[in-house]
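*Asks:* No letters, just coordinates:
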């Protein structure tokens, strides 16, 4: 079990964190005032 856990952390966890970070960025971006202000000016 410990071998599986260390293998998971080394190989798969970085991809899981990257995917979660991208999802969170897309969810938080509309709440950012700098992004929404530049979009309404055009």
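*Replies:* Perfect, I can see it now. Keep in mind it's a predicted model, so treat the numbers as computed, not measured. Numbers count the residues shown, from 1 in each chain.
*Asks:* how far away is residue 17 from residue 38?
*Replies:* Noted for residue 17: a distance of 29 Å to residue 38, by C-beta to C-beta, to the nearest Å. Where C-beta positions appear, they are placed from N, C-alpha and C, glycine not excepted.
*Asks:* Tell me which residue is most central in the protein.
*Replies:* Geometric centre of the chain, nearest residue: residue 21, 0.9 Å, by C-alpha atoms, centre = their mean.
*Asks:* pLDDT-wise, which helix or strand of the protein ranks last?
*Replies:* helix 33-41 (a mean of 71; mean pLDDT, DSSP states H and E).
*Asks:* pLDDT of the longest helix seen in the chain, averaged?
*Replies:* When the chain is parsed with DSSP state H, its longest helix is helix 13-28. Helix 13-28 shows a mean pLDDT of 95.
*Asks:* Pull out the buried residues from that helix.
*Replies:* By neighbour count with 16 or more other C-beta atoms under 10 Å, helix 13-28 contains no buried residues.
*Asks:* and that helix, how far from the chain's centre?
*Replies:* Remark: helix 13-28 is offset 2 Å from the chain centroid, using C-alpha atoms, centre = their mean, to the nearest Å.
*Asks:* counting contacts, what elements does that helix pack onto?
*Replies:* With contacts taken as 3 or more C-beta pairs under 8 Å, 6 or more residues apart in numbering; DSSP states H and E, helix 13-28 sits against no other helix or strand.
*Asks:* Pull the residues that contact it.
*Replies:* Applying C-beta atoms under 8 Å, 6 or more residues apart in numbering, helix 13-28 has no contact partners.
*Asks:* Going forward, count from 10.
*Replies:* Done: numbering now begins at 10, and the last item shifts to helix 22-37.
*Asks:* ok, now how distant is residue 29 from residue 35?
*Replies:* 11 Å.
*Asks:* Apologies, that question was intended for residue 27.
*Replies:* 13 Å.
*Asks:* Equivalent analysis for residue 43, please.
*Replies:* Counting by C-beta to C-beta, the gap from residue 43 to residue 35 is 16 Å.
*Asks:* now residue 18
*Replies:* Distance from residue 18 to residue 35, by C-beta to C-beta: 26 Å.
*Asks:* Residue 17 now?
*Replies:* 25 Å.
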